[in-house]
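> could you work out the structure for the sequence below:
(chains A, B and C)
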Amino acid sequence: MANEQREYRKGNWTVAETMVLIEAKKMDDERRLMIRHGGESSSSGKPGELRWKRVEDYCWKNGCLRSQNQCNDKWDNLMRDFKKVREYQRRVAVAGGDGGGEKSYWKIDKNERKEHTLPSNMLPQIFDALVQVVERKSQAEMVGGSGGGGVIVPAAEAQTMLLPLQPPAQPPTRPFAEPSFPTVGDIIFELSSYTPDSDTSEHSESPAKRRRGGGGEQGGDGGAGAVGGSSLQEVCSAISQSGSIIAEAIQSSEEREERRHREVLSLHERRLQIEESNAEINRQGINGIVDAINKLANSMLDLASQKNQPESK
DNA sequence: GTCAGTATTGGCTGAACCAC
DNA sequence: GTGGTTCAGCCAATACTGAC
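Residues are numbered from 1 along each chain as shown, chains lettered A, B, ... in the order given. This is a model prediction of the structure:
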């Protein structure tokens, strides 16, 4: 089907393209999970149906004209940056948040980010989208287990969901936003990182990370957050679970909305195409009729002139 | 057990951009 | 013009997963 030669776009990825890629990856993850959990016949292994090809196709359908290799590479780079930021945010949370020495990633400037070897320009909306994909994936992979796990609620989402009375301070697309008001997301972040089974992503986290084993520097896995009383743990995990439930509800409703929006757009496009082709058909039809009438008129004139001639003689 | 596909990470290069 | 930075793109290495 997609055998035609595609002309792939080059150059920097726009935010829109990146969001499409993240969406594509999310869809693909969902699809694979469905397959894995028996939702579909396990045709996942079709040799011809390569994963990144599907991602590429999805991207093309949504206006992101990149090749599967480009998508793969971009995703790699995205994940690298994302993990750095996420790790930093966790450290900040564990160290006591803004009260302590370190500030949230979103509150530090470019130079400070550089000092921490963090990406200088990770956008909150992209980070949020990645949080949704990564956390959902790791959660889904744990399904069957307690399922609880600490969910990292994206900063922007947490703000909208827990502070409904906030004025619409954040425009739909935040150019290079640094959330200026208190980041509830960070608070949830903090809570999430305290949950007993906090490191949700560590479970799914890279085989490679495991392979590089030892991972010396990050020694502070799991147990690092040794929190005092078990009651505190319970409260934290309860809050975190509630947060995850709310986040999931919001997320699924957003997804539905988005899907509907896309359907409406594609319907609109199809309608325009049909209208255009109708107009074209009408034009051709009218032209045909005009031609026919002209021919008829001509032949009538000919006929009339022929009839007139013998009489005149 | 083998193999193909995939995920992840690290390293490198080249182009584009920016500050000086 | 030059040097530094960022990012896309490419490659290699390693390990996991699922099919056979």
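> what residue ranges in the stretch 101-250 of chain A score low on pLDDT?
Along the stretch 101-250 of chain A, the model assigns pLDDT under 70 to residues A:101, A:136-240, A:242-250.
> in stretch A:22-35, what's buried?
Residues of stretch A:22-35 classed as buried by neighbour count (16 or more other CB atoms under 10 Å): A:Ile22, A:Glu23, A:Ala24, A:Lys25, A:Lys26, A:Asp28, A:Asp29, A:Glu30, A:Arg32. Any C-beta I mention is one placed from the backbone N, CA and C, and that applies to glycine too.
> turn these into JSON lines, including distance to DNA strand B and secondary structure.
Output for these, formatted as JSON lines (distance: CB to the nearest atom of the strand, whole Å; DSSP: H, G, I helix; E, B strand; the rest coil):
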{"residue": "A:Ile22", "distance to DNA strand B": "13", "secondary structure": "helix"}
{"residue": "A:Glu23", "distance to DNA strand B": "15", "secondary structure": "helix"}
{"residue": "A:Ala24", "distance to DNA strand B": "12", "secondary structure": "helix"}
{"residue": "A:Lys25", "distance to DNA strand B": "8", "secondary structure": "helix"}
{"residue": "A:Lys26", "distance to DNA strand B": "12", "secondary structure": "helix"}
{"residue": "A:Asp28", "distance to DNA strand B": "7", "secondary structure": "helix"}
{"residue": "A:Asp29", "distance to DNA strand B": "8", "secondary structure": "helix"}
{"residue": "A:Glu30", "distance to DNA strand B": "12", "secondary structure": "helix"}
{"residue": "A:Arg32", "distance to DNA strand B": "7", "secondary structure": "helix"}
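> need the residues you listed in CSV (columns: pLDDT).
Shown next, in CSV, are the buried residues of stretch A:22-35 (pLDDT from 0 to 100):
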residue, pLDDT
A:Ile22, 87
A:Glu23, 86
A:Ala24, 84
A:Lys25, 83
A:Lys26, 81
A:Asp28, 77
A:Asp29, 75
A:Glu30, 74
A:Arg32, 69
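> between the residues you listed, which sits nearest DNA strand C?
A:Arg32 (9.0 Å; CB to the nearest atom of the strand).
> wait, doesn't A:Gly68 sit right on A:Trp60?
Quick fix: residue A:68 is Gln, not Gly. No. Counting by CB atoms under 8 Å, A:Gln68 stays clear of A:Trp60, with 10.2 Å between them.
> which one of the buried residues of stretch A:22-35 is nearest to A:Cys64?
A:Ala24 (7.8 Å; CB to CB).
> for that closest one, what are its contacts?
A:Ala24 is in contact with A:Arg54, A:Val55, A:Tyr58, A:Cys59, A:Asn62, A:Cys64, A:Cys71, counting by CB atoms under 8 Å, 6 or more residues apart in numbering.
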